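Novice: Sequence below, structure please.
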Amino acid sequence: MSLYKIPLMDKEEYDQLINENFMSRIAFNGEYPYIAPFLYVFDQKYLYFLSTKYGKKIQRLKDNPKVSVEIEEYEPDLSHYKFVALRGRIVEETDPEKKKEIRSKFAELIKSRGLSRNVLAALGHDPDDPLACLIEMECSFVWKLVDVKEIIALKN
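Specialist: Numbering: from 1, shown residues only. Modelled structure (predicted):
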């Protein structure tokens with residue numbers, strides 16, 4: 001018997017994984033690592049995230065924007081699984097037009113995936129607000145993953 005190494009995915013495979021999913025986990029630096037779930041959208045170049053304008057993540061990003069983002073997909077019995085981890089920096093998107101475009105993509109994601117309106121609370125909005133508020137109001141930060149230094153993508 002010998003050590004078995006989990007096979008790597010190629011770029012096409014991990015891009016497909018990223019495109020087909022919408023939930024990630026982001027690991028932040030600090031005295032202790034801090035991991036939090038985030039919805040994301042992917043424009044084929046950058047991963048974008050929305051967040052509330054409060055919480056541990058804001059100070060962590062100010063102190064050190066280096067993060068690891070993980071996206072996974074698996075069967076309940078783990079007969080099939082794959083994941084990609086991207087190491088880079090998260091920066092705030094500041095261009096007003098790009099922010100509006102990204103907010104629109106999040107509204108479309110929520111609508112097209114049939115997500116609960118309760119997810120709006122994680123994005124800085126009242127779940128009873130109309131979905132259009134996500135686009136028009138600036139109750140959340142728009143973040144972008146940049147300077148990706150390493151991509152680890154594995155599958156069984």
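
Novice: Could you use CA atoms for every contact and neighbour count after this?
Specialist: Fine.

Novice: ok, and the spatially most central residue of the chain, which helix or strand is that part of?
Specialist: Against the mean C-alpha coordinate of the chain, by C-alpha atoms, centre = their mean, the closest residue is residue 40 at 3.7 Å. Residue 40 is located in strand 34-42, with elements delineated by DSSP states H and E.

Novice: and whichever strand or helix holds residue 144, which residues are buried?
Specialist: Using DSSP H and E, the element containing residue 144 is strand 140-155. Neighbour-count burial for strand 140-155, counted by 16 or more other C-alpha atoms under 10 Å, picks out 140-146, 148, 151, 153-155.

Novice: For those, give me TSV that also has distance to residue 5 and pLDDT.
Specialist: TSV is the format used below for these (distance: C-alpha to C-alpha, whole Å; pLDDT from 0 to 100):
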residue	distance to residue 5	pLDDT
140	41	92
141	39	94
142	37	96
143	34	97
144	32	97
145	28	98
146	29	98
148	24	97
151	17	96
153	13	96
154	10	95
155	10	95
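
Novice: what's the closest non-adjacent residue to the residue nearest to the centre of the chain?
Specialist: residue 49 (4.8 Å; C-alpha to C-alpha, 6 or more residues apart in numbering).

Novice: pretty sure the one you found contacts residue 42?
Specialist: No. If you go by C-alpha atoms under 8 Å, residue 49 and residue 42 don't touch, sitting 9.1 Å apart.

Novice: between those two, which one's more packed in?
Specialist: The residue with more neighbours, out of residue 49 and residue 42, is residue 49; 26 against 18, by other C-alpha atoms under 10 Å.

Novice: can you confirm the more buried one is in a strand?
Specialist: Yes. Under DSSP: H, G, I helix; E, B strand; the rest coil, residue 49 sits within a strand.

Novice: what's near enough to touch it?
Specialist: When contacts are counted by C-alpha atoms under 8 Å, 6 or more residues apart in numbering, residue 49 touches 38-41, 142-144.

Novice: same thing but at 10 Å, please
Specialist: For residue 49, the contact set (C-alpha atoms under 10 Å, 6 or more residues apart in numbering) comprises 22-24, 38-42, 90, 92-93, 102-103, 106, 123, 140-145.

Novice: and which of the buried residues of strand 140-155 is nearest to residue 97?
Specialist: Checking those against residue 97 by C-alpha to C-alpha gives residue 142 as the nearest, at 11.7 Å.
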